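Participant: sequence unknown, structure follows:
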C-alpha cells in the first residue's frame, strides 16, 4: 500500500500501519482515539451532532451516496418507548471492492467510535455490525474491541458517565450479496430470507423488528466521529470538488500496483490509476473500467480525467459506487467480463421479483451463447430489451438488477464491436485461437 | 373520493385502495399474480405494471415511469396508462420471463383450463419466446393424500408461502433456496400439517399445488357441472362450489361469501365430500327379510312398504342435525312434533339448545366472519376452534393482526401493504386468550392459554365476567385470579371484543360463562360479540325447528317401551354416533319397526326393517342453518343415480300417499321451505335464503354447465350412442344445461365463476361489487338470529373441578379429520384419520404404566384406546378422540377409571414414499 498523503489529511487510515497489524485499544487511544467521543458526549446534544453531520455533506460510502445527515434526520426523535437500532453494513460483497476490509482489519476501534457517536446522534440503544462471514479476522477483532470498550465504559450502560447507553453486537452474515442491500440485511438479521423490503416505509421509521433503524456502510460510520470532533468545515475542506471528505479508492485488474488508498474526494481517475495503481501492467492497454464495483457502468479512456466523486461520475453515465475500480484491459474479452458479472448477479438474486430472478439468468444465458459462439444476431436486440426491462429503476423490487445491468448496458454502448465480432466470428476472439 | 386518470379517462375510485384493486374494480383488466385480495400486496411478480405520469405534460410527452399497480396507492389526480406500449411490453417481458422455466405442460396439467397463468399469458399478449437455454427442473414432494406437488410449474409468486405461513399460520411449507432456484415445499416430504392447506390449490396461480383427489379422478373445469352448495362438514356453513361429471362428485371449490368463508375453506370441507362417490353408498331401497338379509326394492315398491308401515304404526321420528330443514320438517310433519326427536345425542341436545338460547337472549352480536376478523380482543372458552369450526379459527388468526393494522395506521400504511405491515408489527398481536382442556391449534397466536377442566373454564369465565362488571366479589382460585384480571382488562380495553365458546367440551356451564362475559361487556357499553360453535351443519336449525321441549332419544325409547310408539323413522342419522352401543341397541330394540333414510351403509341402516337410500347433499337441495344462525340453501349438483332420492322427496311422496292434510299443498321443494317457515316462527326467514324455482335471471335460468361444456364424449357410448337429453330442473332456478345467464344473479345462485379471459377462480372479482367485497347479487343466506336485549341478570356461579385419584374426567378432543362422520369416509381424508386415542399427562401415563402408543382400557370395557402423551392436558382429565371409531361409548365429562390394556398391539409407524429408499414401505 502506498501512503502518499500525510496522516492528518487521511483521517480514516491514519492508524493503519505499514504491516497492517491491527490497532488495539491502547494504541488507538494513544493516537487520540475516543477523544472525539469523550468531548462530544458531554458537550453536544444529539441534535447538535446531527447538524454538524448535515453541514459536513457526508454522503453514504456504500455506493448510493445518499447524504448521511438527511438520512438520519428521518429517525423519529420522540421519547416513545422501544428500541432504535444502528446497523453497520460490513457485508462487503460488491465485486472488486475491498476498502471496508482494510478499515475493519487495521483499525476496528475507529468503526466502533464512529458507531457510538452515530448511535448517540440518533439515540439508538442497540447497534449491530453485520459483517461478511469471510471477514472472520475482522469479526474477531471487532468482538475483542467491543469487549475492550465495554470494559473501558465506552460501551454498555451510562457511557462515560452520561445517561446514554448502547450495546453493540457483531453478526456474521450467512453470505449473500443481497445482504448488502439495507432492507435485505435487516430481513437477514431478523433471521428471515434475505429479501429486500419495499419502501416506504423506510428503515428509519420501520426497520429492524419494525423499529427505527439506520443502516450505514463501514466507511461512512468511520467518518462520523472525525467530523464531529473536527467540524464540518474541516471535512468539507478535505475534498477537491463539491463532495466532501476523503474517500477510500481502490483499483483491481491488470495494473502494476493494485490496491486501496485513502485520497481526497474528487481525485481524478487518471491520478488514481496511473500514480497510485502504477499504471497498466506491461503489455496491457486500458480499454475501460468500472468505477465503483461490479454494478456500475463502464467508463473508458475518454473519462480518465474526470474527478472521482458522486456527481461527476454520475454525469458521465456511471456511478462512483464504492469507489473501487475494476480495470478492463485490451486482452480481456468484454463479453466474457460482462458474462462473468452477470452470472454472479444472477446467482445472487434473492429470487423475489421476476425481472431479477428470471431476467438475469436469461441475460447470462444470452451472453453465454454469444461468448460460446452460439449467439444469433437477434440476441443483440434481446440484450437491448433486457437492459431496459430489467435495468430501469422501479421495474424491479430493489436495486440489484438495475445494478447488474449497468456493466451490460455500457458494454453494449462502448464495446459493441466486440459483441458483433463474437456473433460474426462464431466465438470469442479473445480465447485461445481467437483473433485478438 | 379520489379521481384518477387511466388512459385518458377519469375514474372516481375509493380512497385507500391500491391501483390494481381499483382498476379491477372498475372492470378493467390488469394482469397480476402475487397480489391476492385477501392477502394484499408485496410487489414480487411485477406483473401488474402500469405507467404513471408525473403530470399532464409528461403524459403528453410520454415520459412516464413504470410502477406496480398493487403497490401504488390511488391518489387524487394521479395519471396512469395501462394500455400504452411501455407498460404492455414490460408486462409481456414479465410473462416471457416466467415462461423461461415453466414446462408448457398444460395438456397434462390439472390446472389447465382454469389456470391464472394461462389467462394472464393470453391477456398480456406474449407469444414468441426468445429464451434458448435449458429449463430448470425440480424434484416434487409427497405432501400427503390431499395435495399434489409439481414444482416445475412454479412461477415463484410467493402466494403459497404467504398464504400458508403468513395467513394460515402453517410452519411446514417454506420458500427455500434463492435466485431462479427458489423452491416451495417442505423441508422433507410429508403430509402438510395445516388444516387449511387445501386452499393452496386455489391460491396457486398455476398447477404447482393441485387437488390430488381431482387429479386422480380428473375433469377439466369447463366440463364440470356445478352448483352452489354448502359444506356439511361442520356448523360454519362455508359456501362451496361442487362440481360433477359422469355421476361422480369431482371436487369442491370455495364459493365466495364475504360473511361466511371469504376466499378460503378448511381441508375437511374441501376434501371431505368424497363420500358422495363411496362404494358404501346405498343404491336401492332394502326390505329386511326374516333371515336378516335385505331385498332390493324398486322406488315404487319401497314407497308401498313405507306407506304400509306408516299407516299401521304409532310413529316416532328421529331427525338429523346433518340433514336439511326441509327433510326434518317433513319427518316431523309425518310423525308429529311430539314424537319427533331432533336427532342429537342425549347430552348434546341441551347443549345445542343452550347455545341457541344464549345467542337469542344475549345482547351480544353473533358475528359473521368479517366481524370475527375485526375483533381486537378475543377470549376462547373450552373450544379448539380449528378442530370444531375450522374456518372460524382461520378468521381468529386474522383477528390478532388488528394490532398490526393499528400500528400501520400510525405510519399511514394502507392495510393492503402486507409485507410492510408484517415487518412493522413483527410478533405484536391483539390479545387472544384461550382456556381449554388442553393445547389447541391457535396457541401460537394466543397471548395466553391455560389448560383447565371444563368446570374450571366456566369458573374462569365467570370470574372474568365479574371483573368486567366490576364485581369485586368474583371468587376464583387464586392461581387463576391474575389471568382473569389480565383477560378482563384486555377485553374491557378493546373496541370489538369477541367471546368464542361452544359445545365441544360438553359443558353448558362453559357456554353460559362465555355468554356472561359477553353480557358484562355489553352492560359496560361495548358492542361485544358472542360466537358459539355447535357440532353439525344444521345443529342450530334443528334446535330452531324442534324447540327446547322436543323429546330426546331417551324419551322416545321410554315411550316406545311403554307401547305408546312402535314404528321409528330415522332420517340421515347413524345412531351409533348418538350414544353408547347399549343405549342405541335399547332404543332400536324398543321399536317394532325401524325405517331408515340415509345415504351410507352403517350400523343404523343395518338394524332397519326398511332402508331408503337418501341422496347426498350434492344430489339434493336443502336449507341448513349455520352456527351464526344463517339459513343457507344448497342445490342439486347432479341427479342421484339408481333409486336414490332426496330424503325430502321420499318423505313427501309418503305424505302424499298417506294423504296427509298438511302435505296436500306441497308440490315443490320450495313449498316445503315455505310451509316450514310458516309453521315455525323462528324459521320464518328461511324462504329468503335463496330465490325459489320460479326465479329467472333476466328471463332465463342460471346454468350449471359452462358454455364451453363439451358434453359429447364416448364415455356413455356403451349404453347409448345418443347424447342423453339433459333433465329439466323443476326445483330450482338452476338448469342442468349450459343455457342461461351466470351473471349478477343473487349470490346464493352462483354455480361457478368464469368471465371472458378469466377462466380461473380469479374471475371472482368480476362477480363482486368491489374487489374483495360482497357479490353483486348480494350475499348468500339470511340471518335468523338477532341480538337479544336482556341483561342476563345475576352472573351464574360455577363449581370448581375437583380431581379424584384413580379416575379421570373424560373430555372430548375433536379432530378435523375423524371427528366428523361423513368427511372421514372420503378417501383422501380417510388416510389422515388417526385411530381413536386417549390423551394423558405424562405423569398419569407413568402412574398407569403406559407410554405413547400403548393401549388403555377405559372404564368397564367402555373403550380400548391408544395412548398419546399430552402434558398440556388439564389435571385430572383425559382427552378422548371424539367421533372416532372406538369412542362411541365414551361420554363427555363422565368420570372413568383407566388401566393398562393387556395384549395391546402397538402400531408400526407409517412411512412415506421417500422413506422407502431407507427400507420402509408406503402403503
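Facilitator: That came through, no problem. Treat the numbers as computed from the prediction; the structure is a model and nothing was measured.
Participant: Contacts only, for residue 122.
Facilitator: In the absence of a named chain, this looks at chain A. Residue A:122 makes contacts with A:46, A:50, A:72, A:75, A:77, A:84, A:86, A:212, A:214, as judged by C-beta atoms under 8 Å, 6 or more residues apart in numbering or on different chains. Yep, even glycine has a C-beta here, placed from its N, CA and C like the rest.
Participant: could you do chain B instead?
Facilitator: Residues in contact with residue B:122 (C-beta under 8 Å, 6+ apart) are residue B:757.
Participant: Check what pLDDT it gets.
Facilitator: Looking at residue B:122, its pLDDT is 96.
Participant: Wait, a helix at it?
Facilitator: Yes. Assessed by DSSP: H, G, I helix; E, B strand; the rest coil, residue B:122 belongs to a helix.
Participant: so how far is residue B:306 from it?
Facilitator: Distance of residue B:122 to residue B:306, given as C-beta to C-beta, to the nearest Å: 55 Å.
Participant: any idea which helix or strand carries residue B:210?
Facilitator: Residue B:210 belongs to strand B:209-211 when elements are defined using DSSP states H and E.
Participant: What strands flank that strand, and is each parallel or antiparallel?
Facilitator: Strand pairing for strand B:209-211, determined by DSSP bridges: strand B:147-149 (antiparallel).
Participant: got the buried residues for the helix or strand following the partner strand?
Facilitator: Remark: after strand B:147-149, the chain's next helix or strand is helix B:159-161, criterion DSSP H and E. Residues of helix B:159-161 classed as buried: B:159-161 (neighbour count, 16 or more other C-beta atoms under 10 Å in any protein chain shown).
Participant: hang on, the earlier thing: among the contacts of residue A:122, which one has the most neighbours?
Facilitator: When neighbours are counted by other C-beta atoms under 10 Å in any protein chain shown, residue A:86 leads these with 29 neighbours.
Participant: Pretty sure that residue sits against residue A:120.
Facilitator: No. Counting by C-beta atoms under 8 Å, residue A:86 stays clear of residue A:120, with 9.3 Å between them.
Participant: Mutual contacts of those two, please.
Facilitator: Residues touching both residue A:86 and residue A:120 (C-beta under 8 Å, 6+ apart): there are none.
Participant: Show me which of the buried residues of helix B:159-161 is closest to residue A:193.
Facilitator: Proximity of those to residue A:193 (C-beta to C-beta) peaks at residue B:161, which lies at 9.5 Å.
Participant: I figured the closest one hits residue B:173, correct?
Facilitator: Yes. In this structure, residue B:161 is within contact of residue B:173 by C-beta under 8 Å, at 6.1 Å.
Participant: list residues touching both of these two?
Facilitator: residue B:184.
Participant: element containing the residue of the stretch 301-450 of chain B found nearest chain A, please.
Facilitator: Nearest residue of the stretch 301-450 of chain B to chain A (C-beta to the nearest C-beta) works out as residue B:424 at 4.3 Å. Using DSSP H and E, residue B:424 falls within helix B:418-425.
Participant: One more: residue B:32?
Facilitator: Residue B:32 belongs to no helix or strand, assigned by DSSP H and E.
Participant: Skipping adjacent residues, who's closest to it in space?
Facilitator: What sits nearest to residue B:32 in space, not counting adjacent residues and going by C-beta to C-beta, 6 or more residues apart in numbering or on different chains, is residue B:48, at 4.2 Å.
Participant: Residues contacting the helix holding residue B:424, please?
Facilitator: With C-beta under 8 Å, 6+ apart, helix B:418-425 has contacts from A:197-198, A:200-201, A:206, A:210, B:39-43, B:162, B:166, B:401, B:403-405, B:407-408, B:411, B:413, B:415.
Participant: if we can go back for a sec, just the pLDDT at the residue nearest to residue B:32, thanks.
Facilitator: 97.
Participant: how distant is the helix holding residue B:424 from the center of its chain?
Facilitator: 28 Å (C-alpha atoms, centre = their mean, to the nearest Å).
Participant: Just give me the neighbour total for residue 394.
Facilitator: Defaulting to chain A. Other residues lying near residue A:394 total 13 when counted by other C-beta under 10 Å.
Participant: wait, chain B
Facilitator: Residues within reach of residue B:394, counting by other C-beta under 10 Å, total 28.
Participant: Pull the contacting residues for it.
Facilitator: So residue B:394 contacts B:167-168, B:196, B:264, B:266 (C-beta under 8 Å, 6+ apart).
Participant: Now it, what are its backbone angles?
Facilitator: phi -60, psi -40 (degrees, to the nearest 10).
Participant: Please report how far it lies from residue B:167.
Facilitator: Using C-beta to C-beta, residue B:394 is found at 8 Å from residue B:167.
Participant: same thing with residue B:723?
Facilitator: Distance of residue B:723 to residue B:167, computed by C-beta to C-beta: 44 Å.
Participant: So which of these two has more stuff around it?
Facilitator: Applying other C-beta under 10 Å to residue B:723 and residue B:167 shows that residue B:167 carries more neighbours, namely 24 against 10.
Participant: you'd agree residue A:333 is up against residue A:418?
Facilitator: Yes. With contact defined as C-beta under 8 Å, residue A:333 reaches residue A:418; the gap is 6.9 Å.
Participant: List the residues that are in contact with both of the two.
Facilitator: Contact criterion C-beta under 8 Å, 6+ apart; residues shared by residue A:333 and residue A:418: residue A:429.
Participant: for residue A:94, helix, strand, or coil?
Facilitator: Following three-state DSSP, residue A:94 is assigned to coil.
Participant: quick one: the nearest residue to it once chain neighbours are set aside from chain B, how far?
Facilitator: Among residues not flanking residue A:94 along the chain, residue A:293 sits closest, at 3.8 Å (C-beta to C-beta, 6+ apart). Per C-beta to the nearest C-beta, to the nearest Å, residue A:293 is found 19 Å from chain B.
Participant: And the strands in the stretch 51-200 of chain A?
Facilitator: Using DSSP state E, counting those that start in this stretch, the strands of the stretch 51-200 of chain A run over A:85-90, A:126-131, A:167-172.
Participant: now the second one and strand A:85-90, what's the angle there?
Facilitator: Calculated by axes from the mean of the first three to the mean of the last three C-alpha atoms, to 10 degrees, strand A:126-131 forms an angle of 10 degrees with strand A:85-90.
Participant: Run through the neighbouring helices and strands of strand A:126-131.
Facilitator: If you count contacts as 3 or more C-beta pairs under 8 Å, 6 or more residues apart in numbering or on different chains; DSSP states H and E, strand A:126-131 packs onto strand A:85-90, helix A:108-122, helix A:136-152, strand A:167-172, helix A:182-189.
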